[in-house]
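**Student:** Let's see this in three dimensions:
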Amino acid sequence: MNDTLSERDTGRLARGQPARGRVDLSHGSGGRAMRELVDAVFLSAFGQPQAAELEDQARIALAELAKVGDRLAFTTDSYVVDPLFFPGGDIGALAVNGTVNDLAVGGAVPLQLSCAVIIEEGFALADLLRIAASMARAAARAGVRIVTGDTKVVPRGAADKLFINTSGIGVIPAGVQVAAAQARPGDRILVNNFIGDHGVAILSARDDLALQVPVKSDTRPLHGLVRALLDACPVHCLRDATRGGLATVLNEFAESAGVAMFLDEVTLPVHDEVRGVSEILGLDPLYYANEGVLVAVVPGEHAERALAAMRAHPAGANAVMIGEVAEAPAGRVVMRSAFGGERIVDMLVGEQLPRIC
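**Tutor:** As a prediction, this is how the structure comes out:
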């Protein structure tokens, strides 16, 4: 049976009742059923444009962008996290926050996003509505608009429930220069929050591991924190520690700048629950994906000012200094242990946790 929105769900939505239908192949056909899906799910969540604005592309006035800065930042990312709903978030919030953060760590002011979805036939409409609403809330929280998108439906088994791609544009204010290659000896390394929470939250949400851990994903927008930091002091490097975790970010900084990154193990912020799960499963918190962890490299003389600025922002209340930049060994990350030893922290090899974001 073809459970089209017009037959089954549009009226229920209008009455504020849960929708019970499921997405079928007609919803990706380009015809009336798809239009009904887009109207009822995405446009109702993201905002209805004027009829005259319903084109195949969003149109953005260059003059408005030029008021913000002098360079356009453009990024894209895809989200295949499993499960779709997890403690602290869902794939929708993750997709918006992740793209906002990819723009923010370049110093850009995030402005507008796209949303493209690939839906497996049979996906519950109620879940799709829930995810679209979550994306709308995340966009509102970040102060960005979702202005264009695409919908595809594939047969059962050709995808796993739902995949989302979000692209985004932002503008970099004049004078802001942030790049991985700018790390210098004497710089300090800061993070804004505990590491590993998102990875463990996803693990605990996967029934096959039978883990019950009271840890939530840290997914959140970081652009406000980045702005506070940039206003407070010079910043050489910024990155959000997503896939590959903190270790991968620092290795990228070290390789790009030709410097060494030294970490102090005792200063690493790791919740006891995350540490415990890691010990049970033989995983390293340094490689867990995070969705709200900002890694900043700042000149040593400005480190305390940077920390104060971060801690004054809600997203940086747990900010700490975790290490420093040195000349050698160039291109390497070194961990100083609590017992005085040292070990090399390499780039992540292989996949520690598949479909983590």
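
**Student:** in this protein, which ranges drop under the pLDDT threshold?
**Tutor:** Low-confidence regions of the chain, defined by pLDDT under 70, span residues 1-20, 48-53, 207-209.

**Student:** repeat that with 50
**Tutor:** 1-3, 14, 16, 18 (pLDDT under 50).

**Student:** Could I get the contacting residues of R343?
**Tutor:** Shown in contact with R343 (C-beta atoms under 8 Å, 6 or more residues apart in numbering): V334, M335, S337. Quick note: C-beta positions are derived from backbone N, CA and C, even for glycine.

**Student:** repeat for A138
**Tutor:** Contacts here follow C-beta under 8 Å, 6+ apart; on that basis A138 touches G92, A93, V96, N97, V100, P221.

**Student:** run the last query once more with 10 Å
**Tutor:** A138 makes contact with 89-90, 92-100, 113, 144, 146, 219-221, according to C-beta atoms under 10 Å, 6 or more residues apart in numbering.

**Student:** what are the ranges of the strands in the stretch 1-150 of the chain?
**Tutor:** Applying DSSP state E, counting those that start in this stretch to the stretch 1-150 of the chain gives strands spanning 71-79, 85-86, 89-90, 109-120, 145-154.

**Student:** So for S26, which of these sits nearest?
**Tutor:** Nearest of the strands of the stretch 1-150 of the chain to S26, taken as C-beta to C-beta: strand 145-154 at 7.9 Å.

**Student:** hang on, V109 packs against A174?
**Tutor:** No - between V109 and A174 there is no contact under C-beta atoms under 10 Å: 11.7 Å.

**Student:** More neighbours: those two, which one.
**Tutor:** Counted by other C-beta atoms under 10 Å, V109 and A174 do not tie: V109 has more neighbours, with 20 against 9.

**Student:** Need the buried ones from the contacts of A138 selected in ChimeraX.
**Tutor:** Buried residues within those, by 16 or more other C-beta atoms under 10 Å, are selected in ChimeraX with:
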select :89,90,92,93,94,95,96,97,98,99,100,113,144,146,219,220,221
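
**Student:** Show only the entries of the contacts of A138 found in helices.
**Tutor:** Judged by DSSP state H, the subset of those located in helices is G92, A93, L94, A95, V96, N97, G98, T99, V100.

**Student:** Just list the residues touching the first one, thanks.
**Tutor:** What it means is G92. Residues counted as contacts of G92 (C-beta under 10 Å, 6+ apart) are 45, 79, 84-85, 115, 117, 128, 130-139, 162, 164, 166.

**Student:** for the stretch 101-250 of the chain, what spans make up the helices?
**Tutor:** Remark: helices assigned in the stretch 101-250 of the chain by DSSP state H, counting those that start in this stretch are 125-142, 197-205, 223-232, 245-257.

**Student:** can you check the stretch 251-357 of the chain too?
**Tutor:** Secondary structure of the stretch 251-357 of the chain (DSSP H, counting those that start in this stretch): helices located at 272-281, 303-311.

**Student:** Tell me which of those is the most buried.
**Tutor:** Ranked by mean neighbour count under mean count of other C-beta atoms under 10 Å, the helices of the stretch 251-357 of the chain are led by helix 303-311, which reaches a mean of 19.

**Student:** Could you check the angle that helix makes with helix 223-232?
**Tutor:** 150 degrees (axes from the mean of the first three to the mean of the last three C-alpha atoms, to 10 degrees).

**Student:** who's in contact with helix 303-311?
**Tutor:** Contacts of helix 303-311 (C-beta under 10 Å, 6+ apart): 186-193, 225-235, 294, 296-299, 302, 316-321, 324.

**Student:** and those residues, which of them are in strands?
**Tutor:** R188, I189, L190, V191, L294, A296, V297, V298, V320, M321, E324 (DSSP state E).

**Student:** quick one, what contacts the first one?
**Tutor:** By that I understand R188. With contact set as C-beta under 10 Å, 6+ apart, R188 has these partners: 236, 296-304, 306-307, 321-325.

**Student:** separation between the residue nearest to it when sequence neighbours are not counted and G316?
**Tutor:** Distance criterion C-beta to C-beta, 6 or more residues apart in numbering; nearest residue to R188, sequence neighbours excluded, is A303 at 3.9 Å. Distance of A303 to G316, given as C-beta to C-beta, to the nearest Å: 14 Å.

**Student:** got any residues that touch both of these two?
**Tutor:** With C-beta under 10 Å, 6+ apart, A303 and G316 have common neighbours L190, A296.

**Student:** wait, which of the ones in strands among the contacts of helix 303-311 is closest to L203?
**Tutor:** Of the ones in strands among the contacts of helix 303-311, the one sitting nearest to L203 (C-beta to C-beta) turns out to be V191, at 20.9 Å.
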